[in-house]
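>>> the sequence and its predicted three-dimensional model are supplied below.
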Amino acid sequence: MCQPFASFSAHFTSIALVFATVGLLDAGPRSSARDDALPPSATAGDPHGDCLPSGDCCAAHELPGCDYTDCCLNVCLVDPYCCSMEWDETCVTEAEFLCGLLCTGGCPSFGDCCTSHGSAGCDRKACCETVCRGQPHCCIDFGWDERCAEKARRDCPNVCTCASFGDFDDNGAVDLSDLSRFLNCFNGVDGDPVGPECACADYDGDDRVTLADFVAFFDVFTAP
Ligand SMILES: [Ca+2]
Ligand SMILES: [Ca+2]
């Protein structure tokens, strides 16, 4: 089941070791204050601390380690601070670089969230983030497989139960009639969750019909 990431992880572990050995990543964003906080025994290339499931690898948190063990090991091999002190923004950046995680900055990507495809992430931002938060492999280079699509179909109903975005009356055009329906559902910048009658106007899949959805609607609006 996890073979693709296992080999990917091993590959990047090797790269990380090489980078650590030649000091390429040491020249990155790590501050001296950050390095000074480390125990003397913690050096790059020398695993230190634990990869405990302490939080999302894509989000800074106060405890060391992160939930995606393979990725955590890759990061902490190069940057022991992340497994000794805290998982800070630098660790998040390193997770994106070393593990291929798109994290939140990588969503939306390309491809239909509701079906498997050959690239990482998918085209509906909130749905993409929801799926990758629970299954990080969906946001690495090996792609959005059937497990990711299945999770999207389960967790992003507003995205996966609507055939095509914009043509709400299914007459083959995204026109004023659809605009009128969209505006009836629009509920502001940070609106409340919408009911099933407006589910198909929620483009990004965050359960709300907001400005982001309006921008997506405007993109497909073709006729007056
Ligand atoms: Ca229409
Ligand atoms: Ca939305």
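Cool, got the structure. Residues are numbered from 1 along each chain as shown. Ligands and ions are numbered 1, 2, ... in the order given.

>>> so how many other residues sit close to residue 199?
By the measure other CB atoms under 10 Å, the count of residues near residue 199 is 17. Backbone N, C-alpha and C define where each C-beta goes, glycine included.

>>> could you measure the residue nearest the centre of the chain against residue 183, distance?
Taking CA atoms, centre = their mean as the criterion, residue 103 is the residue nearest the geometric centre of the chain, at 3.5 Å. Counting by CB to CB, to the nearest Å, the gap between residue 103 and residue 183 amounts to 33 Å.

>>> now do residue 124
Per CB to CB, residue 124 is found 21 Å from residue 183.

>>> which of the two has more neighbours?
Set residue 124 next to residue 183 and count neighbours by other CB under 10 Å: residue 124 wins out with 29 against 12.

>>> quick one, what contacts the more buried one?
For residue 124, the contacting residues are 108, 113, 156, 159, 203-205, taking CB atoms under 8 Å, 6 or more residues apart in numbering as the criterion.

>>> same list (these) but as JSON lines, adding neighbour count and pLDDT.
Written out in JSON lines, the entries for the contacts of residue 124 read as follows (neighbours: other CB atoms under 10 Å; pLDDT from 0 to 100):
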{"residue": "108", "neighbour count": "21", "pLDDT": "88"}
{"residue": "113", "neighbour count": "31", "pLDDT": "95"}
{"residue": "156", "neighbour count": "24", "pLDDT": "92"}
{"residue": "159", "neighbour count": "27", "pLDDT": "93"}
{"residue": "203", "neighbour count": "28", "pLDDT": "94"}
{"residue": "204", "neighbour count": "26", "pLDDT": "93"}
{"residue": "205", "neighbour count": "28", "pLDDT": "92"}
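
>>> wait, isn't the residue nearest to the centre of the chain in contact with residue 96?
Yes: using CB atoms under 8 Å as the test, residue 103 is close enough to residue 96 to be in contact (5.2 Å).

>>> can you pull the residues that touch both of these two?
Shared contacts of residue 103 and residue 96 (CB under 8 Å, 6+ apart): residue 58.

>>> all good on my end, thank you.
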